[in-house]
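In: Structure of the sequence below:
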Amino acid sequence: PAALGRLVAEKGYPELFEAWEQVVRAHPAAKLVIVGPHEPDKADALPAALVQRAADAGVVFLGHRDDVERIYPALDLYVLASHREGFPRSAMEAAASGVALVVTDIRGCRQVVDHESNGVLVPVRNAGAIAANLIDLIDDDARRTAMGRAGLAKAAADFDQQRIIDTTLATYERLLA
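Out: You can find the predicted model right below:
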């Protein structure tokens, strides 16, 4: 699994790291990759001790990357444990890459994930639910693959750039008429 985003608490990393400790007990060879910049000047920056504990539990921190399109195809799962989101671009990119998703049940994430179709929605700030769903999906290749396929279809239907441009232009035309 992987998560992409700034290393701040509102992205749900404390809960994700807690969940990950449960996941590695069930799957010692599993790896969690975190892509995103450390932001020590932010009010909710992750404490160094929390990041170190996660690293000790096997979490791999890649830092800021400009080549995330190369990372998604290598993933089995994408996880976003955010407390709040507008529209989570990284989750949409993961879906468009055919990756099954585990995301929090919040605005934005609900627009990307159709629960039990292309991923699962989990309660906010619930490390147990994150862990249980990650473990379930790690254990079920067929389900994970089907979710990845559903994500590709949803991305093509709902997130196609030209479709969004056409919808926006049609809305403006309607409003200006």
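
In: Which strands or helices does the lengthiest helix in the chain pack on?
Out: Longest helix of the chain, by residue count under DSSP state H: helix 141-158. Judged by 3 or more Cβ pairs under 8 Å, 6 or more residues apart in numbering; DSSP states H and E, helix 141-158 is in contact with helix 89-96, strand 100-104, helix 127-139. C-beta: built from backbone N, CA, C; applies to glycine.

In: list the contacts for the closest residue to residue 156 other than its chain neighbours?
Out: Using Cβ to Cβ, 6 or more residues apart in numbering and skipping the chain neighbours, the partner closest in space to residue 156 is residue 96 (7.8 Å). When contacts are counted by Cβ atoms under 8 Å, 6 or more residues apart in numbering, residue 96 touches 151, 152, 155, 156, 159.

In: that older thread, relative orientation of the helix or strand just after the longest helix of the chain and helix 141-158 in degrees?
Out: Next in sequence after helix 141-158, counting helices and strands by DSSP states H and E, comes helix 161-176. Taking axes from the mean of the first three to the mean of the last three Cα atoms, to 10 degrees, one finds helix 161-176 and helix 141-158 inclined to each other by 40 degrees.

In: could you give me the average pLDDT of helix 161-176?
Out: Helix 161-176 carries an average pLDDT of 87.
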